[in-house]
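Student: Any chance you can model this:
(4 chains)
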Protein chains: 2
Amino acid sequence: MNDSLRRFKAGIFQALAHPTRIAILEHLAEGECSAGELIEKLGMEQANVSQHLGVLRARQIVVNRKAGNQVFYSVRDPVILEILALMRRYFHQHLKESMEMLEQMEDLPVEQSG
Amino acid sequence: MNDSLRRFKAGIFQALAHPTRIAILEHLAEGECSAGELIEKLGMEQANVSQHLGVLRARQIVVNRKAGNQVFYSVRDPVILEILALMRRYFHQHLKESMEMLEQMEDLPVEQSG
DNA sequence: ACACTATATTCGAACAATCTAATATTCCAT
DNA sequence: ATGGAATATTAGATTGTTCGAATATAGTGT
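Tutor: So this is what the prediction gives:
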């Protein structure tokens, strides 16, 4: 009972847990946007962006509207954007540790052979 | 903005994206708690809970304090709890769809009349 | 019907996360 | 030192996620 609620929440977090999907949502925060525009802005493979949109759609984080040839996406509920805004705040509050974490994530020293 | 910033955020969301870790954080929301208490409250394997605590620790979402034999955990920054509270709000605002999603997720039969 | 554009889906390999069982560490008491 | 309790770590099988390539679907104009 409580666990399925948590599985639901975990599912939403899982959907947010990818840099590309965060980028998509940050673009959509400024308003509705077509799939094509997103692909262009992100500079990524069409199929890849479409797959990520699929993940967001499956969780109903975004909704879409067809207009002729195109599909326009938007964030269904601004609460999701509030969550992203809080995450930004979290990042800034812990800027120092965050930077260290980023450094570790990015320039992992390679083990020396010998 | 920067992709590494988004990778950082995605990492936090990833850390939140598991029912057990959400349960841990919801317990910790009520105050500091030892690993043992968490294990008991959750009714899960010791190693498993410890691994999940490890994930939360790695992202610095929780901090710990040793007292003798025991290790007490707490949430480092209440912003994380605010994020969880927003998620609860999100769930309630979309209760209907959420329930449908849960049913699909679990393949539970809906209450049948008859 | 045909070509063209926009978007979605499927497939399979590469990679990451999760679980259990076993083992290791740390602290306290004797 | 030795034993026992609390917690952490490792190993390995399993499952889930992500990517690019290829393919499919749907709408538009002719």
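
Student: Who are the contact partners of A:Gly31?
Tutor: A:Ser74 (CB atoms under 8 Å, 6 or more residues apart in numbering or on different chains). Where C-beta positions appear, they are placed from N, C-alpha and C, glycine not excepted.

Student: go with 10 Å
Tutor: Contacts for A:Gly31 were tallied using CB atoms under 10 Å, 6 or more residues apart in numbering or on different chains; they are A:Phe72, A:Ser74, A:Val75.

Student: Drop the exposed ones from these and show what's left.
Tutor: Buried members of these, scored by 16 or more other CB atoms under 10 Å in any protein chain shown, are A:Phe72, A:Val75.

Student: Closest one of the contacts of A:Gly31 to DNA strand D?
Tutor: Comparing the contacts of A:Gly31 against DNA strand D with CB to the nearest atom of the strand places A:Phe72 closest, at 12.8 Å.

Student: still on that earlier bit, okay, the contacts of A:Gly31 in TSV with distance to DNA strand D, secondary structure and pLDDT next?
Tutor: Conversion of these to TSV gives the following (distance: CB to the nearest atom of the strand, whole Å; DSSP: H, G, I helix; E, B strand; the rest coil; pLDDT from 0 to 100):
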residue	distance to DNA strand D	secondary structure	pLDDT
A:Phe72	13	strand	98
A:Ser74	19	strand	98
A:Val75	18	strand	98
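
Student: need the contacts of A:Gly31 in JSON lines with distance to A:Ala15, can you?
Tutor: Output for these, formatted as JSON lines (distance: CB to CB, whole Å):
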{"residue": "A:Phe72", "distance to A:Ala15": "20"}
{"residue": "A:Ser74", "distance to A:Ala15": "16"}
{"residue": "A:Val75", "distance to A:Ala15": "12"}
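
Student: residues contacting the residue nearest the centre of chain A?
Tutor: Per CA atoms, centre = their mean, the C-alpha nearest to the average position across chain A is that of A:Ile22, at 2.1 Å. By CB under 10 Å, 6+ apart, A:Ile22 lies in contact with A:16, A:52, A:84, A:87, B:1, B:3, B:5-10, B:13.
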